[in-house]
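Participant: I'll drop the sequence and a predicted model, then ask my questions.
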Amino acid sequence: MLIKKIDTFVLKTPLNAKTFYSSQAAFPERNSLLVRITTDDGLVGWGEGGQYGPAEPPESCIIDVLAPRLIGRRADQPVRVFEDLYSFCRDFGQKGTYIEALSAIDIALWDLWGKSLNRPVHALMGGAFRDKVAAYGTGCYYPDYFRDTPRMMAALAEEAQRYREAGLPAIKIKIGLLPIAQDIERVALVRDVLGPDTLIMVDANHAYNTAGAIRIGRALERFDVRWFEEPVPPEDRQGYRRVRDSIDVPIAGGECEYTRFGFRELLAEGCIDIAQPDLCCAGGFTEWQKILALTTAHGVMTVPHIWGSGIALAAALQALATAPLVPYTALGVPLQNEPMVEFDRTHNPLRDDLLIDNFTLVDGCLAVPGGPGLGVEVDPDQLARYTVRSRSA
């Protein structure tokens, strides 16, 4: 089973009136990069990367730089391939674009390996602890009319009510764009709408300096917030430690970190209570296994960040199936010792339309696909609809 062909697909879809803001920027479109690897015996594997920023740089890494090193290699050796390619690009690509490219390739190779054996990826990684994962909804972003406070707050209340009616057991709220007092009002409103039984988390997308993060973190304590995500910029590990030592809200982070080497430092320096590697950026399944070994050894729960298409979601579910309870108890409790899956609730056709069988929330959970490989298949008509550029090697 040798790699015969590699195709990349840059996907984009405008959001138009559904544009939203985090603390860092407006999101006028959703984009990602899919990679399709075909073997000499006709099997096809899918991977994803290029979702944080422009998809074109990792596309170029895959087609122009890495593909010549992949064509003709065995497709059922993803760990060896990753190590070889990482060693090749270590001097110039320890983080960022090259690791996104390696992540997409790695996910596609694990998908191929599973399909060749007629087994899901989670079986190849040692077996599943669960066949479904409780989901938390990421939402409560800022609308493009965030300067109109009454209108914004009314829309926020309606959004929170929709999530409650959908049966989501937990919601993650975006903060950091507005003054601290105003964001606390937003969190208070969501808590009031959801009631005491729905878990809530907040995500600042590294909006604060240390003093600001501590200030809002202490204010969040009264709302029973289950984690404070990316309170400070990812480079500021001392700030992470200071915030973690100063408030009684668990600290989550890691979506901007790469490979086991990056997470080794986050954990060793005591920065986080919840680790959030993104499989499409941090090194695919190969690095997921190593990161998970590090986090469990440190007693840290791992809840992967998920932002991309249905391929990214399928990959995360396969990975989460293999995550043990941290620590073990006879009954796992979501966000106490059992992970949840991020189920972004903003408008994203790449997540909701791209697959032949798309994911549906059932009793607050998403099912782990049980078919071979990732357990999902891309709808060719939807792929063509959202592809703005494709390349082959």
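Facilitator: Received the coordinates, thanks. What you see is a predicted model, and the numbers here were worked out from it, not measured in a lab.
Participant: so where's the longest helix in this protein?
Facilitator: helix 97-117 (DSSP state H).
Participant: and it, what does it pack onto?
Facilitator: With contacts defined as 3 or more CB pairs under 8 Å, 6 or more residues apart in numbering; DSSP states H and E, the packing partners of helix 97-117 are strand 29-39, strand 44-49, helix 56-60, helix 78-89, helix 121-124, helix 279-282, helix 284-297. Just so you know, the C-beta spots here come from the backbone N, C-alpha and C atoms, and that holds for glycine as well.
Participant: could you dump that helix to PDB, C-alpha only?
Facilitator: In PDB, the C-alpha atoms belonging to helix 97-117 read as follows (Å, rounded to 0.1, in the frame of the first residue of the first chain):
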ATOM      1  CA  THR A  97       2.600  26.200   9.000                       C
ATOM      2  CA  TYR A  98       4.800  23.100   8.600                       C
ATOM      3  CA  ILE A  99       3.200  21.400  11.600                       C
ATOM      4  CA  GLU A 100      -0.300  22.100  10.200                       C
ATOM      5  CA  ALA A 101       0.800  20.500   7.000                       C
ATOM      6  CA  LEU A 102       2.200  17.500   8.800                       C
ATOM      7  CA  SER A 103      -1.000  17.200  10.900                       C
ATOM      8  CA  ALA A 104      -3.100  17.000   7.700                       C
ATOM      9  CA  ILE A 105      -0.900  14.400   6.200                       C
ATOM     10  CA  ASP A 106      -0.800  12.400   9.500                       C
ATOM     11  CA  ILE A 107      -4.600  12.300   9.800                       C
ATOM     12  CA  ALA A 108      -5.000  11.100   6.200                       C
ATOM     13  CA  LEU A 109      -2.400   8.400   6.700                       C
ATOM     14  CA  TRP A 110      -4.200   7.100   9.900                       C
ATOM     15  CA  ASP A 111      -7.400   7.200   7.900                       C
ATOM     16  CA  LEU A 112      -5.800   5.100   5.200                       C
ATOM     17  CA  TRP A 113      -4.300   2.600   7.600                       C
ATOM     18  CA  GLY A 114      -7.700   2.100   9.300                       C
ATOM     19  CA  LYS A 115      -9.400   1.600   6.000                       C
ATOM     20  CA  SER A 116      -6.800  -0.900   4.900                       C
ATOM     21  CA  LEU A 117      -7.500  -3.000   8.000                       C
END
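Participant: Could you pull up the contacting residues of the residue most central in space within the chain?
Facilitator: By CA atoms, centre = their mean, the chain has its centre lying nearest to residue 306, at 1.9 Å. Shown in contact with residue 306 (CB atoms under 8 Å, 6 or more residues apart in numbering): 278, 312, 313, 316, 341, 342, 343, 344.
Participant: top of those residues by neighbour count?
Facilitator: Taking other CB atoms under 10 Å to define a neighbour, the member of the contacts of residue 306 with the most is residue 312, carrying 30 neighbours.
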